[in-house]
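Visitor: output the structure for:
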Amino acid sequence: MASTTRLSIFVDGNNMFYAQQKNGWFFDPRRVLKFFINEQPDTTLMNAFWYTGLKDPQDQRGFRDALISLGYTVRTKILKEYYDDISGKFSQKANLDIEIVVDMFNTVDQYDRVVLFSGDGDFERAIELLRSKNTHITVVSTEGMIARELRNVTDRYIDLNDIRAVIEKSDM
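Guide: Model (predicted):
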């Protein structure tokens, strides 16, 4: 009898926003869940987390409510403004890497398989540690936006464009 695969999905929302913008299309959070649950037989979704920066507490309210209704746990942080000496411009950033890693390790006993939507090389060490616990790690990102370090430590890398047909948001 085949054993059930326990799956957790972690979406670095800000990182994925830029990756999708670069690709010129956006994915549907519902189709993402469906794709990874159905990819292997006997897969049970244990957790799905979505991390995003907000301009203010009401920012993206409708989107966040939709994610919650799909079963995602949504973690947010208010954007901070940074001045870039080189460009002379201000930019906004909400770094949620720590929250992602904390959730990964806080729920580590609940899953055997992780799908991380991010290209951020800061996750390299966390992924190494998770793999040492016999966790299968899939990283989803896009060419030109995935750090070499992250790609080297993952069990499997999927380019967003390779699964576009099954996860793209449709206007229906």
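Visitor: elements contacting the lengthiest strand in the chain?
Guide: Using DSSP state E, we find that the single longest strand of the chain is strand 43-54. Contact partners of strand 43-54 among helices and strands, from 3 or more C-beta pairs under 8 Å, 6 or more residues apart in numbering; DSSP states H and E: strand 5-12, helix 13-23, helix 29-39, helix 61-70, strand 73-78, helix 97-106. Heads up, the C-betas are built off the backbone N, CA and C, glycines and all.
Visitor: next, the angle from the following helix or strand past the shortest one to strand 43-54.
Guide: If I follow you right, that is strand 73-78. Under the assignment DSSP states H and E, the closest C-terminal helix or strand after strand 73-78 is strand 80-84. An angle of 70 degrees separates the directions of strand 80-84 and strand 43-54 when computed by axes from the mean of the first three to the mean of the last three C-alpha atoms, to 10 degrees.
Visitor: quick one: name whatever helix or strand follows strand 80-84.
Guide: strand 89-93.
Visitor: who touches that following strand?
Guide: Contacting residues not belonging to strand 89-93 are listed as 14, 53, 55, 79-84 [C-beta atoms under 8 Å, 6 or more residues apart in numbering].
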